[in-house]
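>>> no letters, just coordinates:
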């Protein structure tokens, strides 16, 4: 029975990472087909599901998965689902032991979802919150990457 549990954990580990990376590759593809859009979304959700089955899953792992799914919904113009996943990301990232970096990216997801929905005021508010949190990120490389992404969002949506 122990071998079976170990095999199951190995499978969840493999699929959580593989699905995430494949979804990211599709997200980076500029000329996706409708079928690839659907696959990208399914892969992201599958990755997060597999993470929830891993014994080593943390709130930070879930935050990243929820962030990716929100981002994909934003890219696809599904602002309702983008908002829903961004809200779940904020909730997961607000937990006690989660690094502020993840909460800042959760608000980036909120800003992106609101920008896609046409709610510029809410997008700007979320972006301001993300900027505030970015200032608390201790790791210089992480803070720099986050600030670059926030500036890209601000510029891309004229926020």
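Sure thing, it's come through. This structure is a prediction, so every number in the text was calculated from the model and none was measured.

>>> what mean pLDDT would you report for stretch 23-32?
Averaged over stretch 23-32, pLDDT sits at 96.

>>> ends of that stretch, how far apart?
One end of stretch 23-32 to the other measures 12 Å (Cα to Cα, to the nearest Å).

>>> and for stretch 129-143?
With Cα to Cα as the measure, the first residue of stretch 129-143 is 14 Å from its last.

>>> chain center to that stretch, what's the gap?
Centre-to-centre, stretch 129-143 and its host chain are 16 Å apart (Cα atoms, centre = their mean, to the nearest Å).

>>> any buried residues in it, and which?
For stretch 129-143, a neighbour-count test (16 or more other Cβ atoms under 10 Å) marks 129-131, 133-134, 137, 142-143 as buried. Placement of C-beta: from N, CA and C, glycine included.

>>> which non-adjacent residue is nearest residue 146?
residue 134 (4.9 Å; Cβ to Cβ, 6 or more residues apart in numbering).

>>> quick one: that neighbour from residue 93, how far?
Using Cβ to Cβ, to the nearest Å, we find residue 134 at a distance of 13 Å from residue 93.

>>> and the helices in this protein?
2-27, 34-52, 59-75, 79-93, 100-117, 120-134, 140-157 (DSSP state H).

>>> buried sites along the second one?
Neighbour-count burial for helix 34-52, counted by 16+ other Cβ under 10 Å, picks out 37, 40-41, 43-48, 50-51.

>>> with those in mind, which one is nearest to residue 14?
residue 50 (8.4 Å; Cβ to Cβ).

>>> can you give me every residue that contacts residue 101?
137, 139, 142-143, 146 (Cβ atoms under 8 Å, 6 or more residues apart in numbering).

>>> cutoff 10 Å now
60, 63, 93, 133-134, 136-139, 142-143, 145-146 (Cβ atoms under 10 Å, 6 or more residues apart in numbering).

>>> count the neighbours of residue 31 for me.
Using other Cβ atoms under 10 Å, residue 31 has 5 neighbouring residues.
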